[in-house]
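**Q** what follows is a predicted structure for the sequence shown.
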Amino acid sequence: MKRTINDILKLACSLALGGGILFWMYRDFDFGSVREVLLEEMNWWWMLLSFPFGILAQAFRGWRWKQSLEPLGEHPRTSVTMNSIFLSYAASLVIPRIGEFARCGVLKRFEGVSFPKSLGTVVTERAIDSLFVAILAGTTIALQANVFDIFFSRTGNNIDRMLYQFTTTGWVVTTICAVAAIILALYLAKRLYIYNKVKKAFEDVMQGVMSLRKVSNIPLFLAYTIGIWASYFLHYYLTFFCFESTAGLGTACAMVTFVVGSIAVVVPTPNGAGPWHFAVKTMLILYGVSANDALFFVLIVHSVQTLLVIMLGIFAWTSLTFTKKRLPSQD
């Protein structure tokens, strides 16, 4: 009962945080004009063209995970591994971060894969992804330093003036997001410590964490990792061409907003709703997009891409419904 109450409270806080940020951002927004943008102003071909990359990003993650499990003697079916990834993203829309456990549970149920071992590989994957994003963020900021200088010189702005123009509410939202991210990190660390009290589970998790050292094809593993994030970027970047206000911004702006958005989703809200909108909208304004156009962009892009995640989750759930469990004697 205590655990259930805690889970409900965590979900409520997550929804309240994301909903509160969205309410603040769109409190004076004319939602009636969204229909006009969707039906008359958007170029939907670019949105449709971005969909395969959204699917491919999750597919690359499935292939990489399957490769991570092989050194542990686990060889799940590719179809089940892929569906577990699709389902995990959809599950995280309901309860943030639950997808990591959901995909391990799918492999346990259908393939008999050790839950602690598979969880260990997920921990390793997340660490690698975090390092990759950190490197990407550092590189992007370094390469864009001159662009920011040009922007400030042409507009007559400077950092001090921008910080002065940053509203009190904006600072409050930023602070809340940062605090939420810190609390999440401390919570996960505490849960991991409690979970690892059981020696056998700890050993299995660590075995999964260390599995990367035994991956037979490191270049392929790195290629999958690059493929994941390249697909994520293209899935996002192609949506720029859907709107007149962002079509001419270029890859540099897309990379900056992509990196900032990727960092923002660390805050535990469903699919990053709220923090992602706030972060990307703020950066688009920095690049000269009007506040109203930026609000249209983040609202529509996030909503459509979330719908794709839901559709993939439904597909995975349906597919798994007709999937037979692997017998222990099967390879």
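**A** Nice, thanks for sending it over.
**Q** who does the longest helix along the chain touch, helix- and strand-wise?
**A** Longest among the helix segments of the chain by residue count, using DSSP state H, is helix 291-321. Under the contact definition 3 or more Cβ pairs under 8 Å, 6 or more residues apart in numbering; DSSP states H and E, helix 291-321 sits against helix 32-36, helix 44-69, helix 78-94, helix 218-237, helix 275-286. Heads up, the C-betas are built off the backbone N, CA and C, glycines and all.
**Q** looking at those, which is closest to F315?
**A** helix 78-94 (6.4 Å; Cβ to Cβ).
**Q** tilt between that closest one and helix 44-69?
**A** 120 degrees (axes from the mean of the first three to the mean of the last three Cα atoms, to 10 degrees).
**Q** the chain should start at 52 in everything you say after this.
**A** Okay, using 52 as the starting number, the last item reads as helix 129-145.
**Q** off-centre distance for the next helix or strand after helix 129-145?
**A** Counting by DSSP states H and E, the next helix or strand C-terminal to helix 129-145 is helix 149-162. Relative to the mean C-alpha coordinate of its chain, helix 149-162 is positioned 18 Å out (Cα atoms, centre = their mean, to the nearest Å).
**Q** cool, and stretch 111-124?
**A** With Cα atoms, centre = their mean, you get 20 Å for stretch 111-124.
**Q** I186 versus the residue lying closest to S119 once chain neighbours are set aside, what's the distance?
**A** Nearest residue to S119, sequence neighbours excluded (Cβ to Cβ, 6 or more residues apart in numbering): T172, at 4.2 Å. According to Cβ to Cβ, to the nearest Å, T172 and I186 sit 21 Å apart.
**Q** those two: who's more crowded?
**A** T172 (28 against 10; other Cβ atoms under 10 Å).
**Q** give me the element the more buried one is part of.
**A** Using DSSP H and E, the element containing T172 is helix 166-194.
**Q** sorry, back to before: may I see the buried residues of the longest helix of the chain?
**A** Neighbour counts over helix 342-372 (16 or more other Cβ atoms under 10 Å) mark 344-353, 355-357, 359-360, 363-364, 366-367, 371 as buried.
**Q** could the C-alpha coordinates of stretch 166-179 be exported in PDB?
**A** Extracted C-alpha coordinates of stretch 166-179, given in PDB (Å, rounded to 0.1, in the frame of the first residue of the first chain):
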ATOM      1  CA  PHE A 166      15.500  -9.200 -15.300                       C
ATOM      2  CA  PRO A 167      18.400  -7.900 -13.300                       C
ATOM      3  CA  LYS A 168      20.900  -8.700 -16.100                       C
ATOM      4  CA  SER A 169      18.800  -6.900 -18.700                       C
ATOM      5  CA  LEU A 170      18.400  -4.000 -16.300                       C
ATOM      6  CA  GLY A 171      22.100  -3.800 -15.900                       C
ATOM      7  CA  THR A 172      22.600  -3.500 -19.700                       C
ATOM      8  CA  VAL A 173      19.900  -0.700 -19.700                       C
ATOM      9  CA  VAL A 174      22.000   1.100 -17.000                       C
ATOM     10  CA  THR A 175      25.000   0.800 -19.200                       C
ATOM     11  CA  GLU A 176      23.100   2.100 -22.300                       C
ATOM     12  CA  ARG A 177      21.900   5.100 -20.400                       C
ATOM     13  CA  ALA A 178      25.300   6.000 -19.200                       C
ATOM     14  CA  ILE A 179      26.700   5.800 -22.700                       C
END
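**Q** give me the low-pLDDT residue ranges for the stretch 152-301 of the chain?
**A** Applying pLDDT under 70 to the stretch 152-301 of the chain flags the ranges 196-264.
**Q** if we go to 80?
**A** Scanning the stretch 152-301 of the chain for pLDDT under 80 picks out 192-267.
**Q** tell me the SS of the residue lying closest to E162 once chain neighbours are set aside?
**A** Nearest in space to E162, with sequence neighbours left out and distances taken as Cβ to Cβ, 6+ apart, is P127 at 4.1 Å. At P127 the chain is in coil, as set by DSSP: H, G, I helix; E, B strand; the rest coil.
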